[in-house]
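> Curious how this folds, go ahead:
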Amino acid sequence: MIDKSSPPDIIRSKIVGVTFGDTLPSGESERQWVLGKMAQFEIVNLELIRDPNNEYDKDAIAVYAMLPGFGKKQVGHIRNSDRLCNDCGLEYSKKTGVTVCEKCGKVLARNGLATELSRWIAQGYSYVADVMEYTGGNGRTRGCNIEIRRIS
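Residues are numbered from 1 along each chain as shown. Below you'll find the predicted structure:
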């Protein structure tokens, strides 16, 4: 049963863990290679999959992309280290000590984004993610800013 206080429709974040994964013969991490291919193929649609058996975080949510000719590849995870405004979807670093959203004035959730998304998914909500921007490359660590949208 979906609870009456619905989560935000849109959340903007970045994918974390993009330098982890297996190391390729070239010395590059597989996830960095995946991000390079995503940018090359202009991949924008991403799949979010709960990862409750993750050894580091029971609320982990893995991010995957479908690469033409290579299949579904993991890009990284949804961030879980910051606090989230459940009203407008903004994230705040726990390091700042901010407890109230500067945009809408609501109290921030104590949990990070992955914990909140995991809870909402368990309540029956569905989400998709789209690439907003690729960062890095040309000798710098690649990254990816995303928009997470609630679809039901």
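> quick one: contacts for the nearest residue to residue 85 once chain neighbours are set aside?
Excluding the flanking residues, the one nearest residue 85 by Cβ to Cβ, 6 or more residues apart in numbering is residue 101, at 3.9 Å. Just so you know, the C-beta spots here come from the backbone N, C-alpha and C atoms, and that holds for glycine as well. Residues near residue 101 by Cβ atoms under 8 Å, 6 or more residues apart in numbering: 85, 87, 88, 90, 92, 107, 108.
> pull the longest helix from this protein.
In the chain, taking DSSP state H as the definition, the longest helix is helix 30-41.
> So what's the gap between that one and the chain middle?
Distance, stretch centre to chain centre, for helix 30-41: 16 Å (Cα atoms, centre = their mean, to the nearest Å).
> Which positions within it qualify as buried?
Within helix 30-41, the residues scored as buried using 16 or more other Cβ atoms under 10 Å are 31, 32, 33, 34, 35, 37, 38, 39.
> List the contacts of the helix-or-strand element of the chain with minimal mean pLDDT.
When each helix and strand of the chain is scored by mean pLDDT, DSSP states H and E, strand 82-84 comes last, with a mean of 82. Identification of contacts with strand 82-84 by Cβ under 8 Å, 6+ apart yields 11, 90-94, 98-99, 108-113, 116.
> what are the phi and psi angles of the residue sitting furthest away from the middle of the chain?
The C-alpha centroid of the chain is most remote from residue 25, which lies 27.3 Å away (Cα atoms, centre = their mean). Main-chain torsions, residue 25, degrees, to the nearest 10: phi -50, psi -30.
> got any ranges where this structure has weak pLDDT?
Filtered on pLDDT under 70, the chain yields the residue ranges 1-5.
> Could I get the full set of helices for it?
With DSSP H as the criterion, the chain has helices at 30-41, 113-122.
> about what we covered before: the least confident helix or strand of the chain pairs with which strands?
strand 91-93 (antiparallel) (DSSP bridges).
> Please point out which parts of the strand it pairs with sit buried.
91, 92.
> Which one of the helices of the chain lies nearest to residue 79?
Shortest distance between residue 79 and the helices of the chain, using Cβ to Cβ, is found for helix 113-122: 5.4 Å.
> Now the closest one: buried residues?
Buried-residue list, helix 113-122, by 16+ other Cβ under 10 Å: 113, 114, 115, 116, 117, 118, 120, 121.
> I'd like those laid out as JSON lines, including distance to residue 80.
As requested, the buried residues of helix 113-122 are exported to JSON lines (distance: Cβ to Cβ, whole Å):
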{"residue": "113", "distance to residue 80": "6"}
{"residue": "114", "distance to residue 80": "4"}
{"residue": "115", "distance to residue 80": "6"}
{"residue": "116", "distance to residue 80": "9"}
{"residue": "117", "distance to residue 80": "9"}
{"residue": "118", "distance to residue 80": "9"}
{"residue": "120", "distance to residue 80": "14"}
{"residue": "121", "distance to residue 80": "14"}
